[in-house]
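# Predicted model and sequence below, questions to follow.
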Amino acid sequence: MKKAIKILKRWHYTIGAILLVVGFILLRVFLYTQAKRILPEIQVVVPGVSEFYLPQPGKYTIFYEYESIIGEKIYSTGESLPEMVVRLQSKQDYRKIDLSKPSRAKKYKIRGRSGVSVLEFKVKDSGNYLLFTEYRYGAGYPELVFAISKFKRLRIILKGVGIYLATLIIAGILMLRSFSQGEASKQKVSN
């Protein structure tokens, strides 16, 4: 009986250790597959007038993508953004949308694209919008890329951590269970 409990105890620890490794691998795979969801889907080349569609109302962030890829073209324009005049309006009713500085800095560097938040705005309706951009001091600067999205990084990271915590809890339960079974068998043998 004592030998069977020792074997069971080892198996619980082994399975628990395997679950810890599997949980870490699941976390990595989840974050890798979700990386594409972190990247802004809307990209526009500035300066000029750009039209884009916002699928839902809410808060959006405009990022300056200093490393970017659009189609076959690669952009690498340096991290400092030249001074620009930026305006946004609804295409449906030409209503001006207020732009503000980001409440906190947001950055990403994924799959050949790097960006930093420069402006935020809220829209009440889904639909087409027009972005007007020009350099403050005239021409002479290169084309840049702005990217627009709802920033989802925190939500995705929290889901990934939740997956990892679930595997940690299961592994912990297995290990504690085998420990408590071992302790119970020791008490039976001593009595």
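Right, received. Where do you want to start? Owing to the predicted nature of the structure, the values given are computational and were not obtained by experimental measurement. Numbers count the residues shown, from 1 in each chain.
# Tell me the strands beside the strand ranked longest in the chain, with direction?
Longest strand of the chain, by residue count under DSSP state E: strand 58-70. Here strand 58-70 is paired, per DSSP bridges, with strand 73-76 (antiparallel), strand 113-123 (antiparallel), strand 144-149 (antiparallel).
# How is this structure partitioned into domains?
What automatic domain parsing lists as the domains of the chain is 2-34+157-190, 42-151.
# re the thing from before, what's the most buried one of the strands paired with strand 58-70?
strand 144-149 (a mean of 22; mean count of other Cβ atoms under 10 Å). C-betas here are computed from N, CA, C, even on glycine.
# So what touches that strand?
Around strand 144-149, the neighbours that count as contacts under Cβ atoms under 8 Å, 6 or more residues apart in numbering are 39-47, 50, 52, 54, 60-66, 68, 70, 75, 77, 81, 113, 115, 118, 131, 133.
# Quick one, which of those are buried?
Neighbour-count burial (16 or more other Cβ atoms under 10 Å) applied to the contacts of strand 144-149 gives 39-40, 42-44, 46-47, 50, 52, 54, 60-66, 68, 75, 77, 113, 115, 118, 131, 133.
# Nearest approach to Arg28 belongs to which of the strands paired with strand 58-70?
The minimum distance between Arg28 and these falls on strand 113-123, with 20.0 Å, by Cβ to Cβ.
# what's downstream of that closest one, the next helix or strand?
Sequence order places strand 127-135 as the next helix or strand after strand 113-123, per DSSP states H and E.
# Contacts for that next one next, please.
Outside strand 127-135, the residues touching it (Cβ under 8 Å, 6+ apart) are 44, 46-54, 62, 82-92, 97, 123, 141, 146, 148.
# which stretches of this structure form strands?
Going by DSSP E, the chain shows strands at 42-46, 48-54, 58-70, 73-76, 84-90, 96-97, 107-110, 113-123, 127-135, 144-149.
# Can you report how many residues lie near the closest residue to Ile97 other than its chain neighbours?
Nearest in space to Ile97, with sequence neighbours left out and distances taken as Cβ to Cβ, 6 or more residues apart in numbering, is Leu88 at 4.3 Å. Using other Cβ atoms under 10 Å, Leu88 is surrounded by 22 other residues.
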